[in-house]
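Peer 1: Give the three-dimensional model of this entry:
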Amino acid sequence: MTAPLHVLLVEDSAADARLVQEDLRDAAPGEVVLTRVSTATAAATRLAAEHVDCVLLDLSLPDAHELAAVETLRTAAPDSPIVVLSGLASDALAVQAVVAGAQDYLIKGETPGPLLVRAIRYAIERKSGERRLAALAMSDALTGLPNRALLLERAQRALDRMPAAGGRVGLLFLDLDRFKLVNDSLGHQAGDELLVAVAERLRRVTGDRGTVARFGGDEFAVLCEHLREPADLDVLADALSAALAEPLRVAGQEVFPGGSIGLALARGHGDSPERLLREADAAMYRAKRNGRDSARYDEALLADAGHALRSEGELNHALRRGELVVHYQPQVALAGGRALAGVEALVRWRHPERGLVGPDEFLGTAEDSGLIRRLGAWVLAEACRQLAVWRAQGLGGGALTMAVNVSPRELADEAFVARVAAALAEHDLPAAALCLEVPESVLRDGGAVPLRLRALRDLGVRIAVDDFGAGWSSLSGLSPFPADALKIDRRVVAGMATDPQARHVVAAVVGLARSLGLQPIAEGVETHELARALAGLGVEVAQGHAFSAACSAPAIEALLAADARREAQAPGPLRVFLCDDAPGLRALLRACLELEGDLKVVGEAGDGAGLVDAVRDVAADVVLLDLSMPNVDGLEALAELRAADAEIGVVVLSGFDARRMEAQALALGADRYVEKTAAMQQIATAVREVMAARRGPRPLLEAFA
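Peer 2: Reported below is the predicted structural model:
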């Protein structure tokens with residue numbers, strides 16, 4: 001026999017409460033146990049003390065009116081489903097209540113008992129689905145362990161509780177020693193088997209002493225609360241090291257996984273999960289470097305490592321994890337119609353804590369450590385791959401060039417010329433489409449560097465001398481140097497805005513370049529006035545914020561496409577498609593968005609099923625997508641939509657807390673995550689910003705022509 005449903009009725013009218021009780025008793029005898037309270041405060045207290053399956057909530061209470069009642073209960077019990085049962089027959093209020101977190105909105109006197117029972121059961125099922133989706137977003141699909149997001153959330157709660165609970169909070173960060181060897185020699189399936197087996201072993205050894213999580217790849221972490229002594233963390237680390245030293249059977253072979261473990265302890269006020277993780281990660285790399293199983297983070301390590309972004313270990317980590325990205329800055333031909341002549345590939349670090357970090361903060365570490373060779377090889381390969389993609393799409397008319405910076409360490413590598421030739425061959429690129437920018441300092445270098453540059457020119461690759469004029473330029477070295485272009489340093493160019501003599505310096509450099517048969521290029525052009533002055537001096541190509549900052553590959557694609565079609569395509573309103581299972585919310589969105597004038601709702605759906613075809617049929621520009629829908633949920637629909645159309649804009653408009661679902665939605669291809677509690681103006685702005693980003697910057701030369 002099915003257990004009865006426990007329903008909390010929040011209703012200050014005894015007469016209305018009696019009617020509800022009678023309706024439920026008649027419609028489902030023995031199936032619903034109803035408890036009544038008369039205020040939102042009493043309801044919050046009851047929800048904190050005991051479990052209820054569903055809440056029936058009036059919106060006219062002595063201590064909470066309309067949405068305040070929903071918000072009070074959502075704060076007290078965010079996982080409890082709420083069905084509003086109100087005497088206020090307002091479509092706008094109904095939409096707002098659902099946006100605020102209610103599962104349904106029913107009108108008193110218009111809801112017979114059977115319909116009320118059905119609404120309660122539906123609300124319970126829907127809330128259960130939301131919880132399952134949230135659990136999936138917070139767990140690792142392969143091992144079933146908590147993922148990074150959930151561990152950091154638990155770490156924050158542990159730090160918040162630490163002053164009152166006593167004890168210390170500690171974190172162990174673990175990296176497997178031989179995972180890559182297993183993956184490369186036995187295959188990815190064997191690698192997955194190893195990770196699952198290691199996860200189970202870590203969970204078994206840790207027991208109730210902490211929470212084991214997988215951070216991705218071959219990295220795991222263990223969060224420990226209520227540590228009585230710092231030595232307790234060392235005891236657990238020793239136990240985990242011993243467990244990893246024992247063999248595992250993977251793909252029919254015996255494997256000794258091994259691992260390096262970093263230990264970090266919370267120090268009290270001002271601690272954060274990110275700092276705890278960063279310190280444990282740094283300690284793990286010290287253990288790995290020293291050939292030890294584990295190491296504890298301390299102030300000496302802080303002094304040795306310096307700022308985290310200058311850490312060789314962290315940069316190595318970024319390379320291994322794929323945290324580096326390439327952005328591209330347009331290079332503009334100042335004469336002949338001022339068209340996009342090429343782009344320069346510029347590396348960025350998508351740091352997990354700092355966001356997008358510029359090269360000034362990590363290229364020095366890469367040079368000092370020798371990692372610049374790996375980093376440079378990756379940038380070269382990625383830039384060639386991207387250029388081949390654009391050429392295959394017919395963008396740039398086949399004349400677009402790619403500039404890639406090269407360091408002296410790379411030029412000193414005997415395999416560098418062969419690496420460049422291989423990258424061009426792999427992507428079927430003509431050598432003339434690639435320009436390698438070398439620092440001015442190599443003009444003074446002898447040895448093999450000039451020979452390698454000549455070999456590259458023999459392949460057809462263009463060579464540009466970068467940052468010319470910034471230092472002690474070697475004019476005697478420039479004459480025999482195998483180069484095709486001279487890039488005037490940004491500091492020299494910027495001086496033209498304030499120093500009349502700087503104009504003469506630039507004119508002299510342009511004259512020198514022309515006399516040697518080199519193309520003059522200006523970088524760091526910040527204003528259109530400066531661009532016009534440079535064009536008057538004979539500079540052929542320029543780049544800088546006057547035209548565009550460095551931007552992502554999709555933005556460059558949009559820029560190239562916009563340049564190609566801007567004459568043939570008149571601007572019109574953005575075409576919006578609404579996908580949400582709440583008809584009232586869709587109606588409200590349609591009315592509000594179309595008031596904006598530049599937005600037009602061209603279609604809508606109440607479910608994710610068939611969304612790809614529906615969006616394609618109406619040629620929508622952007623989709624506003626709910627995550628929780630009855631048949632095909634929003635995440636599944638999002639994955640299908642992005643797989644079918646990489647260009648369409650997607651704004652997730654969800655009732656889920658952003659901290660729980662935003663990362664998963666963005667990982668599946670959403671452009672923006674907006675909570676349903678946002679103002680309509682904020683939703684409209686999100687739509688415009690997403691499409692502006694997808695269409696790229698305005699045509700480069702609109703304001704310059």
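Peer 1: Pull the contacting residues for A388.
Peer 2: Residues in contact with A388, defined by C-beta atoms under 8 Å, 6 or more residues apart in numbering, are H427, D428, L429. C-beta: built from backbone N, CA, C; applies to glycine.
Peer 1: Local confidence estimate at it?
Peer 2: We have a pLDDT of 94 for A388.
Peer 1: now the contacts of A388 in a markdown table, with pLDDT and neighbour count?
Peer 2: A markdown table is the format used below for the contacts of A388 (pLDDT from 0 to 100; neighbours: other C-beta atoms under 10 Å):
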| residue | pLDDT | neighbour count |
| --- | --- | --- |
| H427 | 94 | 18 |
| D428 | 94 | 10 |
| L429 | 94 | 17 |
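Peer 1: Could I get those residues in CSV, plus columns for secondary structure and distance to G262?
Peer 2: Below are the contacts of A388 laid out as CSV (DSSP: H, G, I helix; E, B strand; the rest coil; distance: C-beta to C-beta, whole Å):
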residue, secondary structure, distance to G262
H427, coil, 39
D428, coil, 45
L429, coil, 43
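Peer 1: Closest to T75 out of those residues?
Peer 2: Distances from T75 to the contacts of A388, taken as C-beta to C-beta, are shortest for H427 (54.8 Å).
Peer 1: circling back to that earlier point, compile the contacts of A388 into JSON lines and extend it with columns for distance to A69.
Peer 2: Listed next are the contacts of A388 as JSON lines, based on distance: C-beta to C-beta, whole Å:
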{"residue": "H427", "distance to A69": "61"}
{"residue": "D428", "distance to A69": "65"}
{"residue": "L429", "distance to A69": "64"}
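Peer 1: nearest to I521, of these?
Peer 2: Out of the contacts of A388, the member with the shortest distance to I521 (by C-beta to C-beta) is L429, at 20.7 Å.
Peer 1: Which phi and psi values does the closest one adopt?
Peer 2: Torsion angles at L429 (phi, psi; degrees, to the nearest 10) stand at phi -100, psi 140.
Peer 1: L106 now?
Peer 2: The phi/psi pair for L106 (degrees, to the nearest 10) is phi -120, psi 150.
Peer 1: From A77, how far off is it?
Peer 2: For L106, the distance to A77 (C-beta to C-beta, to the nearest Å) stands at 20 Å.
Peer 1: hmm, back to that, any idea which of the contacts of A388 is the one closest to E662?
Peer 2: Distance to E662, by C-beta to C-beta, is smallest for H427 among the contacts of A388, at 34.8 Å.
Peer 1: Tell me the spacing between the closest residue to that closest one other than its chain neighbours and A102.
Peer 2: The shortest distance from H427 to any non-neighbouring residue, by C-beta to C-beta, 6 or more residues apart in numbering, is to A388 (3.7 Å). Going from A388 to A102 by C-beta to C-beta gives 52 Å.
Peer 1: so where is the stretch 101-250 of the chain shaky, pLDDT-wise?
Peer 2: The stretch 101-250 of the chain contains residues with pLDDT under 70 at 134-137, 165, 181, 184-185.
Peer 1: shouldn't M402 be in contact with L434?
Peer 2: Yes: at 5.7 Å, M402 counts as touching L434 under the criterion of C-beta atoms under 8 Å.
Peer 1: Touching both of those two, which residues are there?
Peer 2: C384, L387.
Peer 1: neighbour count winner among these two?
Peer 2: A count of neighbours by other C-beta atoms under 10 Å puts L434 above the other of M402 and L434, at 25 against 22.
Peer 1: so who does the nearest residue to the more buried one once chain neighbours are set aside touch?
Peer 2: Take L434 and drop its neighbours on the chain: the residue closest to it by C-beta to C-beta, 6+ apart is V461, 5.2 Å away. Residues near V461 by C-beta under 8 Å, 6+ apart: V420, L424, A431, A432, L434, C435, L436.
Peer 1: same thing with L88?
Peer 2: By C-beta under 8 Å, 6+ apart, L88 lies in contact with L59, S60, E66.
Peer 1: For the stretch 251-400 of the chain, just list every one of the helices.
Peer 2: Using DSSP state H, counting those that start in this stretch, the helices of the stretch 251-400 of the chain run over 273-289, 299-305, 312-321, 363-369, 372-392.
Peer 1: And those: which comes nearest A558?
Peer 2: When those are compared by C-beta to C-beta, helix 372-392 sits nearest A558, at 11.6 Å.
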